[in-house]
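Engineer: Sequence and computational prediction follow.
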Amino acid sequence: RLCGTAPRSYIRHLASRASSSSSSSSSPSSSTRVMSTATQQRAPAPANTPRFTANITVADVENLTADIVREYSAALDACERGAGGSWEDTFGVTLAALGRASAASAAVTLPSMTHSDADVRKASTRGKDALKAMFDDTFTRVGVYAALKAVGAEAAPDAEAARASAYLLREFERKGAALSADDQKIYMRKLGEIEELCSSFCAAVNDDDTTVEYTDEELEGVDVNAYAVGSAPGTRLVGLIAPDLMPVMQFAKRSDTRKRIAHAKAKQCQDVNTERFLRVVALRDECAKMLGYASHAEYMLKPKMASTPERAEGFLRDLLEKARGKLADDLADLQKLKDAEEGPDAGPIQNWDVSYYSRAFKATLGVDEAKIREYFPLEHVKCQILAIYQELLGLTFTRVDAEVWHEDVECYSVCETEGEKKVLGFFYLDLFPRPGKYTHQCVYPLRPSFSEGDDATTAACVNIGNLSKPTADGKPALLRFREVETFFHEFGHVMHCVLSKSKYSVHAWAWSAVPWPGGVEQDFLEVPSMMLENFVWQPEVLRQLSKHYASGETLPESEIDALSASRGALEGYARSRFISMALYDLTVHGGQGPYEFDGKKYDAVDFYNAITEKLSDIPSIEGSFACASWFHLMMGYDAGYFGYLWSEAYAADLFSEFEAKRPNVMDPSLGRKYRDTILAPCATVDGDAMLQNFLGREASLNPFLKRMGVL
């Protein structure tokens, strides 16, 4: 049951139109562990496979949104009527309603990220805003709060239920349940405006079709066949998404060519998104103060591992001090290369020089980015990444014949290799860019893992990528190594989502890209995938991932050794740049400006350029505000960007356990332990406790500091 006597019309509607869920089923008997390719025969889709359609319309999205809101509201009304009753009548009803509504939501929200029709994307964005408001409004319903508080979390039937109950009560307090009725209305209105602004911000970047037109001569050093023909013969159009942008930044020999695309990227969407960004920052500060917090950063950090902005900032500044010891050497190395190529009067390293001369510097270490790309054809890389994860974690992936939202999309079931071989969940791969699609890389949850009685809903997600596509001259899609690393990393998120085991959706894998509540502490979110990402740098893994697109040969040992050894190259610059951005995030979310830095006061726009320029020693692009296309701060990483580095530090400690198993770094028994203690628990256990459960000791930063070369 959904809850009480609430109707289930939206679930029936979903079963025929979009995503559906039911009890776990056994895997098809025909499934094998042979990796799927686009041409492999597909197995029949299990009964509980999510269902999505490319034919969803604006009316479908609007009706589905209305159904979810109506049914969910009825469920909360049932909870209020259960006041004075049992845990099941109050917490149980509310948690069940959250699970069902969360599972239904992706049918509404996914089109905003993936659909080809602009009107459908806009309707989906409106639907997402409405569902976010619905979930947020849960925690302002005084009657529901009173019913739950009267029962208390201590009345829960078991530890997991008690944890979920405590989570609900905490969220009521964090969403203003203690405010007066008038203040609550103001608070919710502000939250609604924030959500609408963030959605509009992201939609503007996704819809942006800015291109820079070059002649073939201006693109000297770049494979021009990868780009669309421009308005005149002998010209090409380069867009601002990574597969277009990065080859130009890394390989274009002409400085002015790189400069033009760098300027376009740095100024992307700032005419429409700058005011949105500033308004969101101001509203977040106002909301935090309404709840009694000193700042939005304090509000956001309280439930995280770091717990306070001061601790997060201290962590960053300590690493900055260590990284800056290497920054001067890194920039000197790049400057030598620039002077040698462009002459002694070329001037200092600029923003548009960094990627180009970083690639050239790695070449001095034996890493030829253009050459090694030929060893990473997408289909082979995809198959081998799936093979590696299966072997490490004891899983079987089977491509299934599921209805999907675009012809490029593939759906896979995930099963146990041994034992009952039940379907644990599903993942989708949507790897290529297309107009209107989300332009970054992410894993988007499609439904959470939860259960009601004997009915179990398995988790599902999609890896939304923007990887290099096959070229017009017939070459297969060849990945830059950075794309290989990103794919490996994102697939770690896929496994975290699909393998999570939770009775309640609030403990399942999620992040703020979706409207429903749940997920691990945000500064633990990247830990599991960053640990798994470490494998991509190991020689034995590089041998498996590489296969020359023409000869079929593995990457030569000399290249493998050079690539592995290059991991820490130019780390002083990379860390300093990242930390400057993370400190900006914490500072602007630490209160209203002006912001004092280096003896001067700045507004939020000028402060970004000042802090990134000062801490990375690279001049900013005049007149730019790169935050206008920076997704993270509008998609849930506000006052949380530091979490990437925080997560990487603890991931290094986890990976040190695998390193201790050399030469068998891919030790499957340790992989199973990792699955059981880090991936499966998801939010049923605190991040610190998960680390200790896997390590058998307190976590340490020492392995990370050793990797940085500062310990």
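Structural biologist: Arrived safely, thanks for sending. Please read these numbers as outputs of a predicted model, since none were measured by experiment.

Engineer: Helix or strand with the lowest mean pLDDT in the protein?
Structural biologist: helix 9-17 (a mean of 40; mean pLDDT, DSSP states H and E).

Engineer: Packing partners of the host helix or strand of residue 358?
Structural biologist: Element membership of residue 358, judged by DSSP states H and E, is helix 354-364. Using 3 or more C-beta pairs under 8 Å, 6 or more residues apart in numbering; DSSP states H and E as the contact test, the elements touching helix 354-364 are helix 242-251, helix 309-342, helix 369-373. Heads up, the C-betas are built off the backbone N, CA and C, glycines and all.

Engineer: Next secondary structure element downstream of the least confident helix or strand of the chain?
Structural biologist: helix 58-81.

Engineer: What residues of the helix holding residue 358 count as buried?
Structural biologist: For helix 354-364, burial by neighbour count (16 or more other C-beta atoms under 10 Å) applies to 354, 355, 356, 357, 358, 359, 360, 361, 362, 363.

Engineer: you'd agree the fifth one is up against residue 570?
Structural biologist: What it means is residue 358. Yes - using C-beta atoms under 8 Å, residue 358 is in contact with residue 570, at 5.6 Å.

Engineer: what do these two both touch?
Structural biologist: Shared contacts of residue 358 and residue 570 (C-beta atoms under 8 Å, 6 or more residues apart in numbering): residue 334.

Engineer: if you compare the helices and strands packed on helix 354-364, which one is most tucked away?
Structural biologist: helix 242-251 (a mean of 21; mean count of other C-beta atoms under 10 Å).

Engineer: Show residues contacting that one.
Structural biologist: Here helix 242-251 has contacts from 219, 221-223, 226-227, 238-239, 257-258, 261-262, 265, 352, 355-356, 358-359, 369-370, 433, 439-441, 466-469, 480, 482-483, using C-beta under 8 Å, 6+ apart.

Engineer: Identify the residue spatially nearest to the spatially most central residue of the chain, adjacent ones excluded.
Structural biologist: Per C-alpha atoms, centre = their mean, the C-alpha nearest to the average position across the chain is that of residue 442, at 4.0 Å. In space, and not counting its chain neighbours, residue 442 is closest to residue 464: 5.4 Å by C-beta to C-beta, 6 or more residues apart in numbering.

Engineer: Tell me what that neighbour is bridged to.
Structural biologist: As for beta bridges, residue 464 partners with residue 430, residue 442 under DSSP bridges.

Engineer: what's the distance between it and residue 288?
Structural biologist: Between residue 464 and residue 288 the computed distance is 30 Å (C-beta to C-beta, to the nearest Å).

Engineer: Same drill for these two, tell me which one is more crowded.
Structural biologist: residue 464 (23 against 20; other C-beta atoms under 10 Å).

Engineer: Could you measure from the more buried one over to residue 703?
Structural biologist: Taking C-beta to C-beta, one finds residue 464 at 31 Å from residue 703.

Engineer: The residue nearest to the centre of the chain: what's it in contact with?
Structural biologist: Per C-beta under 8 Å, 6+ apart, neighbours of residue 442: 464, 490, 513.

Engineer: same question, residue 554
Structural biologist: With the criterion set at C-beta under 8 Å, 6+ apart, residue 554 makes contact with 375, 543, 546, 547, 548.

Engineer: Please indicate which of those are buried?
Structural biologist: Here, 16+ other C-beta under 10 Å leaves 375, 546, 547, 548 buried among the contacts of residue 554.

Engineer: Most widely separated two among the residues you listed?
Structural biologist: Farthest-apart pair in the buried ones among the contacts of residue 554 is 546 and 548; separation 7.6 Å (C-beta to C-beta).

Engineer: so what sits against both of the two?
Structural biologist: 375, 554, 555.

Engineer: These in helices, which ones?
Structural biologist: Judged by DSSP state H, the shared contacts of residue 546 and residue 548 include no members of helices.

Engineer: Can you give me the neighbour number for the nearest residue to residue 447 once chain neighbours are set aside?
Structural biologist: Counting by C-beta to C-beta, 6+ apart, residue 103 is the residue found nearest to residue 447 once chain neighbours are left out, at 4.2 Å. When neighbours are counted by other C-beta under 10 Å, residue 103 registers 27.

Engineer: Need the phi and psi values for residue 103.
Structural biologist: Here is the backbone geometry of residue 103 (degrees, to the nearest 10): phi -60, psi -30.
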